[in-house]
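Participant: No letters, just coordinates:
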Ligand SMILES: Cc1cc2nc3c(=O)[nH]c(=O)nc-3n(C[C@H](O)[C@H](O)[C@H](O)COP(=O)(O)O)c2cc1C
C-alpha cells in the first residue's frame, strides 16, 4: 500500500490559515493524506552536541514524546510532502524552525533517506507585497530538503492572509491552493 501524502501545518495557531490550507490541500488532492501540526509534536531544538557527526542519521534528542524523527520518517515514506507555513519575521515559526534544525543529523548521511521523494510548500504572510517576503523560509526549506535528500519543488506564495479566517474568506487564495494541489497530483501521478 502506498504511504499517505505528508501535509504539515507549521503554525502554532490552532484553526488558523495554515490549518485551513492543510484541510483544503487534503480535500483537493483526493488521495490518502496524513496531516500533522508541527507545533503539537513536542520537537526539541538541536543542541549542537555533535553526536550525528559520528553517527549519521541519529540524534540524541530522538526519544518518546519528541516527534522530529516521526515527522521525518513520514516524509521519507510519502510520495510527496507539502509543508504549509506562515511567515514570522521573514521566516518560519519557531516550532517549525526547531524541527528543521533537527534535519542536521542527516547532513552527513552518505545514503540520504529521502532520495527519490519530493517536498514543496505553501507559504503566506500578512503583507500585501514584498519581493523578499518568502525568501528566508524558502531558502531554509530548500536546504532542509537537501539535508534529507528530498527534491525541493517551487512553493506556492500567497500575500495578504493575516486573521484566522482570511484564507477561508478569500475565494482567490482557495482557488490557488486547489490548483496547486491539482498540479502537484498531476506532476506526481497521484
Ligand atoms: C510572531 C509573528 C510574526 C509575523 N511576521 C510576519 C512577517 O514578517 N511578515 C508578514 O507578512 N506577516 C507576518 N506575520 C503574520 C502571519 O504570517 C499571518 O498572520 C498568518 O496568516 C498566520 O498564519 P496562521 O493563521 O496559520 O497562524 C507574523 C505573525 C506573527 C504572530
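Facilitator: Okay, I see it. It should be emphasised that the depicted structure is a prediction, and the values quoted were computed from it without experimental measurement.

Participant: and residue 52, that's in a strand?
Facilitator: No. The assignment for residue 52 by DSSP: H, G, I helix; E, B strand; the rest coil gives helix, which leaves it out of any strand.

Participant: which ones are touching the closest residue to it other than its chain neighbours?
Facilitator: Here the nearest residue to residue 52 in space, its sequence neighbours aside, is residue 105; by CB to CB, 6 or more residues apart in numbering that works out to 3.7 Å. C-beta coordinates here come from the backbone N, C-alpha and C atoms, glycine included. Contacts for residue 105 (CB atoms under 8 Å, 6 or more residues apart in numbering) come out as 51-52, 55-59.

Participant: show me what contacts residue 189?
Facilitator: Counting by CB under 8 Å, 6+ apart, residue 189 makes contact with nothing.

Participant: which stretches of this protein form strands?
Facilitator: Counting by DSSP state E, the chain has these strands, from start to end: 5-9, 33-37, 80-86, 118-124, 151-152, 156-158.

Participant: so which of those gets nearest residue 95?
Facilitator: Evaluated with CB to CB, the strands of the chain place strand 33-37 nearest to residue 95, the distance being 9.0 Å.

Participant: And the residue nearest the centre of the chain?
Facilitator: Computing the C-alpha centroid of the chain and ranking residues by CA atoms, centre = their mean puts residue 83 first, at 2.4 Å.

Participant: Can you report how many residues lie near the nearest residue to that one once chain neighbours are set aside?
Facilitator: Once its chain neighbours are removed from consideration, residue 83 has its nearest residue in residue 121; the separation is 4.6 Å (CB to CB, 6+ apart). Residues contacting residue 121 under the criterion other CB atoms under 10 Å number 24.

Participant: Would you state the predicted confidence (pLDDT) at residue 121?
Facilitator: Looking at residue 121, its pLDDT stands at 98.

Participant: hang on, it packs against residue 156?
Facilitator: Yes. Checked against CB atoms under 8 Å, the pair residue 121 and residue 156 is within contact range at 7.4 Å.

Participant: This protein: helices as residue ranges?
Facilitator: Residue ranges of the helices in the chain, as given by DSSP state H, are 17-29, 51-54, 68-77, 94-101, 135-148, 171-187.
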